[in-house]
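Trainee: I need the structure of the sequence given here:
(2 chains)
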Amino acid sequence: MKNFNYVKAPDVRGALAFLDREGDKACVVAGGTNVMVDIRAGKMNDLTLVGISDIAALRGIQEEDGKICVGALTTISELAASTLLAKQAPALYMAAKVFADAVTRNSATIGGNIAYASPAADTAPALLALKADVLIESEGGKRRVPIAEFFTGVNKTLLQAGELITALEFIPNPYSAFFKIGLRNAMAISVATAACAVKLAANGVIEDCAVALGSVAPKPLRAYEAEKILIGRKLDDDTVKAALEAVGAAISPIDDTRATGEYRREVAPVLVKRALLKASGICVHESCKDGEGRIQHG
Amino acid sequence: MAELLTLTLKVNGEEKTFQAPAHLSLLRLLRDNLYWEVKCGCEEGDCGTCTVYLDGRAVKSCVTLAHACAGHEVWTVKGLGYADDLTAKLQKAFVECGSIQCGFCTPGMIVAAKHYLDHDGRADRKAIREAIAGNLCRCTGYQKIVDAIYNVACELSNNDLPHNSKLKTQNSRLGLSGSPLGGVAHE
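Mentor: Numbering: from 1, shown residues only, chains lettered A, B, ... in the order given. As a prediction, this is how the structure comes out:
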């Protein structure tokens, strides 16, 4: 028998009070696109559902003091319609454009996508490449966690009982990109994803970069060794080849219903390469040109 | 038995009060209260036939928590069909273009199409396909559904329908849409 309670949080303070009171018996519900499926499947029970969808303060995209702050309740549709993100954080914009389908994007939120911590979460590699911070609040105060440390395993994060993700914050980087391959052109959970962000010197040398992948390990991850190879060098064939080999060493893909681990090993470096070239303003492949982060089928 | 909680929301313009368990989906709330025009398909957010209009945007009611809708405004395809000109136009176009076979996906398709056209959707077949990508249809092969939405989009943008629209509609009825006679050249 399903046994749930429900409380609607009027504001952030109210939500934190509920979360503090309920402890690990609380389950935050934003868009509901993951939680409702898990409730129906019997994966969760005996919980208090804390509805936060009416908290306006958690919604919206702001640029302030050289940083972009995306409220946790911002829907994926809002990300995909943001001209600010399209210019200043294309990796996140491209991920939002190919996230699930148009109707699901109206409900799904960026905070929910991160909190649920699916290895295949589409916004995760984009936020990793942008080196975003996860802003967290609880009754006890506020903290900020680099997203590279936030995921700890399949559906597991550093988030403690009583804590709420309030926003994702990052420094804009117009030189970033995201690519996804799924089994279809829409409504596809990713087979593999990659996002890259680069900072190029005038002479073409990579001053800084971030390479991130999804669906190729128990959690979305950064390929630090690949980044080390890229930094300080120009984006020539040898450098890219060496970096992609390092990507191969960083991932540990499994066989599942969507693809084999072997296939993921083949496509992940290809996605990284395209993201890297797109982020650097060098487009070599047809699929990079339409501004959508998706490898088209058919 | 799980405790029932009270919620009040507007459905099709009327304020309604319901009793529902905490975890109930908006889909179940609506169907349990005789809004049978909202169809129950996969109940996992995949098929889209349960799509309704919530506060001016299309959402899948099966993955929407009913209690989270308290104080909000929900419209089903039936309510929209009576109250909203655009929805009525879409319904007519679906019938004219033969976009309905078994009809099970239609309520969700119409609401997803309304969302698209309400949010600056243009007469662009690729964009229309994107807009209904979360709504599965196992009968039509989508072509006639895209035709119907495309025709309404043309009408809205005050552009006249493509001059071969009559032919297109006839061909759609004959199942020729998408063929060289199907008139896709005028996109």
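
Trainee: Point out the residues in the stretch 101-250 of chain A that sit beside chain B.
Mentor: Contact residues, the stretch 101-250 of chain A versus chain B (CB under 8 Å from any CB of the partner chain): A:101-104, A:106-107, A:185-187. For every residue, glycine as well, the C-beta is placed using N, CA and C.

Trainee: Just the ones in helices from those, please.
Mentor: Counted as lying in helices by DSSP state H, out of those, are A:102-104, A:106-107.

Trainee: Could you identify the buried members of those residues?
Mentor: Using 16 or more other CB atoms under 10 Å in any protein chain shown as the burial test, these include A:102-104, A:106-107 as buried.

Trainee: can you tell me which helix in chain A is longest?
Mentor: Max-length helix for chain A by DSSP H is helix A:261-279.

Trainee: Check which residues of that helix are buried.
Mentor: By neighbour count on 16+ other CB under 10 Å, the buried set for helix A:261-279 is A:264-265, A:267-279.

Trainee: Pull up the distance across stretch A:167-184, start to finish.
Mentor: Separation of the first and last residues of stretch A:167-184 by CA to CA, to the nearest Å is 31 Å.

Trainee: Mind listing what's buried along it?
Mentor: The neighbour-count check on stretch A:167-184 (16+ other CB under 10 Å) flags A:167-170, A:172-173, A:175-182 as buried.

Trainee: So which of those are in helices?
Mentor: Using DSSP H, none of the buried residues of stretch A:167-184 sit in helices.

Trainee: By pLDDT, rank these and give me the bottom one.
Mentor: Ranked by pLDDT, the buried residues of stretch A:167-184 bottom out at A:G182 (91).

Trainee: Surely A:T48 and A:V28 touch.
Mentor: No. A:T48 is beyond contact range of A:V28, at 10.0 Å (criterion: CB atoms under 8 Å).

Trainee: of those two, who's got more company?
Mentor: Ranked by neighbour count (other CB atoms under 10 Å in any protein chain shown), A:T48 and A:V28 place A:V28 first, with 22 against 17.

Trainee: Check what pLDDT the more buried one gets.
Mentor: In this model, A:V28 is scored at 98, pLDDT.

Trainee: and it, backbone torsions?
Mentor: phi -70, psi 130 (degrees, to the nearest 10).

Trainee: I'd guess B:K126 is in a helix, am I close?
Mentor: Yes. Assessed by DSSP: H, G, I helix; E, B strand; the rest coil, B:K126 belongs to a helix.

Trainee: residues near it, how many?
Mentor: Number of residues near B:K126 (other CB under 10 Å) recorded here: 10.

Trainee: Kindly report the same for the one 4 residues further on.
Mentor: Neighbours of B:E130 under the rule other CB under 10 Å: 19.

Trainee: distance of A:S53 from A:Y263?
Mentor: 38 Å (CB to CB, to the nearest Å).

Trainee: Which parts of chain A are strands?
Mentor: A:4-8, A:26-29, A:47-51, A:61-64, A:67-71, A:133-138, A:141-146, A:151-153, A:156-157, A:164-170, A:176-181, A:192-200, A:206-214, A:221-222 (DSSP state E).

Trainee: returning to what we had before: among the residues of the stretch 101-250 of chain A next to chain B, which pair sits farthest apart?
Mentor: Across these, no pair lies farther apart than A:S107 and A:N185, at 20.3 Å, counting by CB to CB.

Trainee: For chain B, which segments count as strands?
Mentor: Under DSSP E, chain B gives strands at B:4-11, B:14-21, B:51-54, B:57-60, B:73-75.

Trainee: Show me what the shortest one is in contact with.
Mentor: Outside of strand B:73-75, the residues within contact range by CB atoms under 8 Å, 6 or more residues apart in numbering or on different chains are B:9-13, B:26, B:30, B:52-55, B:61, B:83-84.

Trainee: Show me which of those are buried.
Mentor: B:9-12, B:26, B:30, B:52-54, B:61, B:84.

Trainee: For the closest residue to B:F94 other than its chain neighbours, the count of nearby residues, please.
Mentor: Of all residues not flanking B:F94 in the chain, B:A148 sits nearest, at 4.8 Å (CB to CB, 6 or more residues apart in numbering or on different chains). Residues lying near B:A148 (other CB under 10 Å) number 29.

Trainee: try B:E73
Mentor: B:E73 is flanked by 15 other residues according to other CB under 10 Å.

Trainee: who's in contact with A:A226?
Mentor: A:A226 sits next to A:211, A:243-244, A:246-247, A:250, A:272 when contact means CB under 8 Å, 6+ apart.

Trainee: Check the gap between it and A:P269 for me.
Mentor: 9 Å.

Trainee: list the residues that contact both of the two?
Mentor: A:244, A:247.

Trainee: Return the member of the contacts of A:A226 nearest to chain B.
Mentor: Checking the contacts of A:A226 against chain B by CB to the nearest CB gives A:V272 as the nearest, at 25.7 Å.

Trainee: Tell me the spatial nearest neighbour of that closest one, not counting adjacent residues.
Mentor: Closest residue to A:V272 apart from its sequence neighbours, by CB to CB, 6+ apart: A:A194 at 4.4 Å.

Trainee: Local confidence estimate at the one you found?
Mentor: On pLDDT, A:A194 comes in at 98.
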